[in-house]
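Asker: Fold the stuff below for me.
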Amino acid sequence: MYIDTHCHLSINDYDNIDTVINDNHLAGIEKIVISGCTKDDINESLDYGFKYSDVYVTIGYHPSEAMTTSEKELSELKKQILNNKVVGIGEIGLDYHYGKDDINEQKKLFRDQLEIARDNNLPVVIHSRDATFDTIQILKEFPTVFGVIHCFNGSLETAKEYISMGFKLGIGGVVTFKNSKLYKVIEKIGLDSIVFETDSPYLTPEPFRGKKNSSKYIPYISHKVAEILNISEYEVSSKVLSNTYEVFDLD
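Answerer: Next comes the predicted model:
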């Protein structure tokens, strides 16, 4: 039994959402958490959370939205999180990959949403790309905030820093890539602080790399982690499932 803690589900990416959900069930995926991180994505994600019993939602404005997200939209976000299928704030964070022209706006949006998470005791899903130092420094301003570092692909030292702050690491298809060094981190940290995610439709694991990703491929991620740690897939899936429920209220 598996849970995909971070994916994107949109009619723009999949021809038939019912088919996607059915394929998940056949692959042993019990529940999925979809991320709505633009205004349109948030509304669509909430619709799916209402329609499907096994779909939960995190909502929040991605750092790419820093220049366009208004105070009105943040006020609306505070109301939207009262939906009982909303289980976290995210994905939020910092992204300097394409430059730092909007760095101040990114930091403000990040802090504003961390405040919302803190005040509502909700976990956060953190997007951090080429911005590790600033991400960690801002998270330290909110010591009671917890959650998941989405699509973790950093160093062992960075992993330990996040874990010491109470965060789980989101492990996805990257761990299966032939050129990935993520296995070195997993060898050292073990299972205690990881959850599984796909980030679908992106980052498809081997042996399907190059095709559109889906939550149904979570077992391939689990298989790779079991291989890295030389333990059974049952042990991996059971522990990671327990970790997931430590972060998200999916009842």
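Asker: switch to C-alpha atoms for all contacts and neighbour counts from now on
Answerer: Fine.
Asker: Buried residues of stretch 191-200, list them for me.
Answerer: 191, 193-200 (16 or more other CA atoms under 10 Å).
Asker: So which residues make contact with the lengthiest helix in the chain?
Answerer: Ranked by number of residues, the top helix in the chain under DSSP state H is helix 103-120. Helix 103-120 has contacts (CA atoms under 8 Å, 6 or more residues apart in numbering) with 60-61, 63-64, 66-67, 74, 78, 88-89, 92-94, 96, 123-124, 138, 142, 144-145.
Asker: Quick one: distance of that helix to the chain centre.
Answerer: Averaging C-alpha positions (CA atoms, centre = their mean, to the nearest Å) puts helix 103-120 17 Å from its chain's average.
Asker: okay, among the buried residues of stretch 191-200, which ones form the most distant pair?
Answerer: Distance extremes for the buried residues of stretch 191-200: the farthest pair is 191 and 200 at 22.3 Å, using CA to CA.
Asker: my read: residue 173 touches residue 206, true?
Answerer: Yes. If you go by CA atoms under 8 Å, residue 173 and residue 206 touch, sitting 7.2 Å apart.
Asker: one step back: quick one: mean pLDDT for the longest helix of the chain?
Answerer: For helix 103-120, mean pLDDT rounds to 98.
Asker: same question, stretch 135-147
Answerer: Stretch 135-147 comes out at a mean pLDDT of 98.
Asker: May I see the buried residues of it?
Answerer: Quick answer for stretch 135-147 (16+ other CA under 10 Å): 135, 139, 145-147.
Asker: Repeat that for stretch 20-29.
Answerer: Residues 21, 23-25, 28-29 are the ones in stretch 20-29 that count as buried (16+ other CA under 10 Å).
Asker: Columns distance to residue 231 and secondary structure on top of the residues you listed, output as a markdown table?
Answerer: Listed next are these as a markdown table, based on distance: CA to CA, whole Å; DSSP: H, G, I helix; E, B strand; the rest coil:
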| residue | distance to residue 231 | secondary structure |
| --- | --- | --- |
| 21 | 29 | helix |
| 23 | 27 | helix |
| 24 | 24 | helix |
| 25 | 25 | helix |
| 28 | 20 | coil |
| 29 | 21 | strand |
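Asker: Switch those residues over to TSV; also include pLDDT and distance to residue 119.
Answerer: Formatted as TSV, the buried residues of stretch 20-29 follow (pLDDT from 0 to 100; distance: CA to CA, whole Å):
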residue	pLDDT	distance to residue 119
21	97	33
23	97	37
24	97	34
25	96	35
28	96	35
29	98	31
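Asker: Looking at the residues you listed, which is nearest residue 11?
Answerer: Scanning the buried residues of stretch 20-29 for proximity to residue 11, where the rule is CA to CA, the winner is residue 21, at 12.6 Å.
Asker: ok, residue 206 - contacts?
Answerer: Residue 206 neighbours (CA under 8 Å, 6+ apart): 173, 176-177, 220.
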